[in-house]
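Okay, sequence plus prediction incoming.
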Amino acid sequence: MGGTAPFNESQQRRILANAEYADKLLADIENILMGAEAGRLFRRHHPDVTPQQARLVRSSIAQFRRQLGRFLEAAQVDGAGGRPRFGALHSILVTLAFVRIAVQEMAPEHLRDYGGLAPEAEEALRGVTNQLESLVAALESELRSGTGADLEGRLARFGAGSDTAGLLRTLEKVIREADLTEFRPALQRLVEKLEAPTFELAVFGRVSSGKSSLLNRLLGMEVLPVGVTPVTAVPVRIQYGEEAGMTVYFAGGRVERLGVEQLPLFATEELNPANQREVLRLVVRVPSPILSNGLVFVDTPGLGSLATSGAAETLAYLPRCDLGLLLVTAVTPMNEEDLATLDLLERASTPSMVLLSKADLLNERDLERARVYTAGVLARELGREVPVAAVSVEEAHAGLLEEWQRTMLRPVLERHRELAAESLERKARALRASVAAALRGRLDGGRGRIPQAELERIEGALRRAAASLESSRREGMEMVDALRGQGRRVLELAAERIAKKRLWGDRAACAGELRTAALEVCSAAGEEVHHHLKQLCAVLSAAVEMARHVMRPGAEAEGQGLECTEVGALPVPGLDMLPEEVRLPKLAELPGAGSRIAAAALERRAGGAVWKTLEAYSRSLEAWMMRQLEALQERFDAEAGVFRAEIARLLSAGEVEAEHQARLEQWLEELERAEEAARTPPGGVAVTPVG
């Protein structure tokens, strides 16, 4: 059949489709013969094929394929020749998406049409669907991370003399060889800390306090936009990069990589008012020498600005930085918002400093007075000492900035690196202890150490905790949606106060009561959601602690933990859209008609603004809540996933074969030796990558 192809395009497609289908069916037969279904939960066949029959089938399949392949090649069928059309990784990810859908279809709401569900059955089902979805999500994340998932290769970059790196290499080897997949997320976090021991310095301050100008000066280049109006709509993270660039993370998962020159498009209130572009994170990379040793700057939206959604982002970021730097202009006294920022940093266990910016506006004597006065106010109002220094971005006053870096910033950085190294070693040893406990559980069959009923009790508690995550999402959304319908409540509350105080003719006072009512309603909804999340955190923490108490007596968490204090600060309600003055009709002053007439007038003159204000805060609160839930889910999975996998393994464990027992003992010995080598001597140096 040489020369011109004997079949047209449609005929080729039909031939190829049937050839592929036949090949797939033959592969199914091969899988049956090889026992590929042995790992399935639901088996379809029992092994009744004799060895002779198996050889005959394999031989015949090979002959079938050879003949089919020769025909397709000779017939010049397009797509023949065994050339794969899809990547295996892509197909796996697509299939996992269908697995996720199958799990979601198991949720209680999809079963109610088949009959009623007992509360305990619904709770168990929600728990297992949450657990299974988390496992699929973790696998997807690792597969999508590409080379980032190669922990063995990443750890190989560190020298043989790196003790903590050596322990992590041993952990990676044991986790991989012993098939302890549940420990990979914790190990990956430690590898990331080993690779990039960053120190996040976040700069806070009022609008026009000079945050962006100061950071540009420290970076030695003009990176951040500077202006007298609110210029930062979302926090901007600035870290080291060989080449300048910017990554923008949007709500919904979209990611764009752009040039740094486009930063104002996303980071300024003028071009991105109230973050209408729905930017979640901005990461800028620049080749600045000051960042080359792991220092990361974060420029935050100005507090007290009209960009109240930006202020909410700032407050939400507070607990995540390693050092908070509050800028106050040298000629402006501190206010309540400045003190509140420092108080929030203190509550988040984050050290802080105060910088008096624009110090060039004062002479040396007045500047020292301002510094002493500010330090005194802080000591009196906060009950503790906060370091205070004066700085300026003007070239003539460069010495002030250099002195602050030398005497205050560098000592903190050095101490942080020392503490970070100690923390990394401590967490690596805690992970080693957990991995060793899992191996010992296999070695002794587990149930000899922990009764089966106790294992099942812990498994049930973890499943119920996972179910509470799912129910909290729904209940939280109901709370947020309820806020959207509270416009009438805001108007009535404001009208009652206006009538009670008889503020009819005072337009500014009437608008003030409207703002106060809106703030109270928004704040009450926010506090309700916040309290709801704190309760959820307590439930998750209790379940994890119960599992740890039984499975790891006396051990500490090797992950981030589930401390309920980590539920971040609430976003701040924005009242910008509400009018500054509201005129009420004279009719409202009539006896008995005051609050009713006032409410109707408020609705006519400001109702739209009230509804928009509630909608804006609802969106902000919803986004904040979802971030908190995502963080709680991640921390819970990291802690609980280890115990769930170990419980399932112990409950299904049988007698350990002698060969496997020897392998388990060998892994335990390797872990023991690696931990001994990882004990950092006093004055030990930080681990550095090779090359």
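Nice, I can see it. Numbering: from 1, shown residues only.

Val57 belongs to a helix, doesn't it?
Yes. Counting by DSSP: H, G, I helix; E, B strand; the rest coil, Val57 is located in a helix.

list the contacts for it?
Ile29, Leu33, Val49 (Cβ atoms under 8 Å, 6 or more residues apart in numbering). (Glycine included, C-beta is placed from N, CA and C.)

Same question for Ala465.
Gly127, Val539, Leu540, Ala542, Ala543, Val544, Phe636, Ala640.

where does Val372 land on pLDDT?
What the model reports as pLDDT for Val372 is 90.

Sorry, slip of the keys, the one I care about is Glu520.
pLDDT, Glu520: 92.

all numbers from here: first residue = 721
In the new count, where the first residue is 721, that last one comes out as Glu1240.

Figure out the helix or strand that it lives in.
Using DSSP states H and E, Glu1240 maps to helix 1227-1271.

quick one, the next helix or strand after that helix and helix 1227-1271 angle?
Next along the chain after helix 1227-1271, taking DSSP H and E as the criterion, comes helix 1314-1371. Counting by axes from the mean of the first three to the mean of the last three Cα atoms, to 10 degrees, helix 1314-1371 lies at 20 degrees to helix 1227-1271.

counting contacts, what elements does helix 1314-1371 pack onto?
Secondary-structure packing of helix 1314-1371 (3 or more Cβ pairs under 8 Å, 6 or more residues apart in numbering; DSSP states H and E): helix 839-864, helix 904-915, helix 1028-1037, helix 1130-1163, helix 1172-1204, helix 1207-1221, helix 1227-1271.

could you dump the ones you listed to TSV with distance to Gly886?
Shown next, in TSV, are those (distance: least, Cβ to Cβ, whole Å):
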stretch	distance to Gly886
helix 839-864	24
helix 904-915	11
helix 1028-1037	35
helix 1130-1163	10
helix 1172-1204	33
helix 1207-1221	62
helix 1227-1271	27
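
Of those, flag the one that's most buried.
Neighbour counts (mean count of other Cβ atoms under 10 Å) averaged over each of the helices and strands packed on helix 1314-1371 peak at helix 1028-1037, with a mean of 24.

Verify the stated contact: Arg1325 with Pro1305.
No. Contact status for Arg1325 versus Pro1305: not in contact, 9.9 Å apart, counting by Cβ atoms under 8 Å.

between those two, who's got more neighbours?
Arg1325 (18 against 14; other Cβ atoms under 10 Å).

Quick check: chain neighbours aside, which residue is closest to the more buried one?
Closest residue to Arg1325 apart from its sequence neighbours, by Cβ to Cβ, 6 or more residues apart in numbering: Val1302 at 5.5 Å.

and after the lowest-mean-pLDDT helix or strand in the chain, which helix or strand comes next?
Within the chain, no helix or strand scores below helix 1028-1037, which has a mean of 46 by mean pLDDT, DSSP states H and E. Next helix or strand after helix 1028-1037 toward the C-terminus (DSSP H and E): strand 1043-1049.

Output the contacting helices and strands for the next helix or strand after that next one.
Toward the C-terminus, strand 1043-1049 is succeeded by helix 1056-1067 as the next helix or strand (DSSP H and E). Contact partners of helix 1056-1067 among helices and strands, from 3+ Cβ pairs under 8 Å, 6+ apart: strand 1043-1049, strand 1072-1077, helix 1084-1102.

Which one, of those, ends up nearest to Arg1149?
Smallest distance to Arg1149 across the helices and strands packed on helix 1056-1067 (Cβ to Cβ): 26.7 Å, for strand 1043-1049.

which residues sit against the closest one?
So strand 1043-1049 is contacted by 919-926, 928-931, 934, 1038, 1054, 1058, 1061-1062, 1065, 1070-1078, 1081, 1094, 1132, 1136 (Cβ under 8 Å, 6+ apart).

All good on my end, thank you.
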